[in-house]
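Engineer: Task: produce atomic coordinates for the following.
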Amino acid sequence: MELSVHGKQIDVGDALRTHVSDKLEDLNEKYFNHATFATVTFSKEGHGKPRIKTHINVQLGKNIMVAADSIDPDPYAAFESAATKVGKQMRRYKKKLRDHHDRMELTPEDEMRKARDYVLAAIPEQNDDPSSDETEIQTDDNPAVIAEMTTEIQTMSVSDAVMRLDLSGECALLFYNASNNNLNMVYKRSDGNIGWVDPDAHGK
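Structural biologist: Below you'll find the model as predicted:
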């Protein structure tokens, strides 16, 4: 497993890098053993007495990501907490991940469809106070596109889509439903449950 450890406004020493590497290798061997790479980022949060935020991203085989965050004044404690979350996710989906890995190795490329992925800049709030010295940055109602890339929308079952959503920490996931080939979406609801959108479900 390839590992990349970064620090934002914080120096990540050799001892911490070694600790991170040993911990993630242990998790990989214990629960999955097919992880291809991992990225760990340490960054400062807040002012005065800043805390350390740790973000872990692990790719488990083909196109499956597991992510977790944690914040603590101590970088080791922040990492351990985030790593514990990653381990719980791996343990929760251990059998399903292994079955999925074996199935994906046999999946033809035409079951993965290309799509455009855009990241839009947030629209700054307009300051209505004429006496303010703040300058209005946004000149219209259209947010700027700050990134454009190609992504893959995969064909999978609803249960696989829910698993990927849970592992990734994202809010929503688009996929082609393997049972009907429709474009579907699963998403995290405000009540903590998972929502599932199948646009053609009521038209059949």
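Engineer: Quick one: the helices in this protein, in order.
Structural biologist: 14-31, 75-92, 94-105, 158-168 (DSSP state H).
Engineer: Identify all contacting residues around the second one.
Structural biologist: Put plainly, it is helix 75-92. The set of residues external to helix 75-92 that reach it, using CB atoms under 8 Å, 6 or more residues apart in numbering, is 10, 12, 16, 19-20, 23-24, 27, 30-32, 40, 42, 51-56, 58, 60, 66-72, 97, 166-167. From N, CA and C alone the C-beta is placed, and that goes for glycine too.
Engineer: So which residue is dead centre in the protein?
Structural biologist: Nearest to the mean C-alpha position of the chain, counting by CA atoms, centre = their mean, stands S168 at 3.7 Å.
Engineer: Poorly predicted segments of the chain, please.
Structural biologist: Residue ranges of the chain with pLDDT under 70: 61-63, 98-151, 201-204.
Engineer: domains of it?
Structural biologist: What automatic domain parsing lists as the domains of the chain is 2-101, 109-203.
Engineer: Ranking those by mean neighbour count, which comes first?
Structural biologist: domain 2-101 (a mean of 16; mean count of other CB atoms under 10 Å).
Engineer: Confirm for me that the residue nearest to the centre of the chain is in contact with A67.
Structural biologist: Yes - using CB atoms under 8 Å, S168 is in contact with A67, at 5.7 Å.
Engineer: rewinding a little: let me know which of the helices of the chain is the nearest to W196.
Structural biologist: Smallest distance to W196 across those (CB to CB): 6.2 Å, for helix 158-168.
Engineer: got the CA positions of the closest one in CSV?
Structural biologist: Provided in CSV are the C-alpha atoms of helix 158-168 (Å, rounded to 0.1, in the frame of the first residue of the first chain):
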residue,chain,number,x,y,z
VAL,A,158,-28.3,-0.3,-4.2
SER,A,159,-26.7,-2.0,-1.2
ASP,A,160,-23.2,-1.6,-2.8
ALA,A,161,-24.0,2.1,-3.4
VAL,A,162,-25.1,2.5,0.3
MET,A,163,-21.8,0.9,1.4
ARG,A,164,-19.7,3.2,-0.8
LEU,A,165,-21.6,6.3,0.4
ASP,A,166,-21.0,5.3,4.1
LEU,A,167,-17.3,4.5,3.5
SER,A,168,-16.6,7.7,1.6
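Engineer: which residues touch it?
Structural biologist: With contact meaning CB under 8 Å, 6+ apart, helix 158-168 is reached by 60, 64-67, 89, 92-93, 96-97, 100, 156, 172-173, 175, 177, 179, 184, 186-188, 194, 196.
Engineer: quick one, that helix and helix 75-92 angle?
Structural biologist: 170 degrees (axes from the mean of the first three to the mean of the last three CA atoms, to 10 degrees).
Engineer: from now on call the first residue 189
Structural biologist: Yes, from this point I'll number from 189; that puts the last item at helix 346-356.
Engineer: What is the distance between helix 346-356 and the centre of its chain?
Structural biologist: Relative to its chain's centre, helix 346-356 lies at 11 Å (CA atoms, centre = their mean, to the nearest Å).
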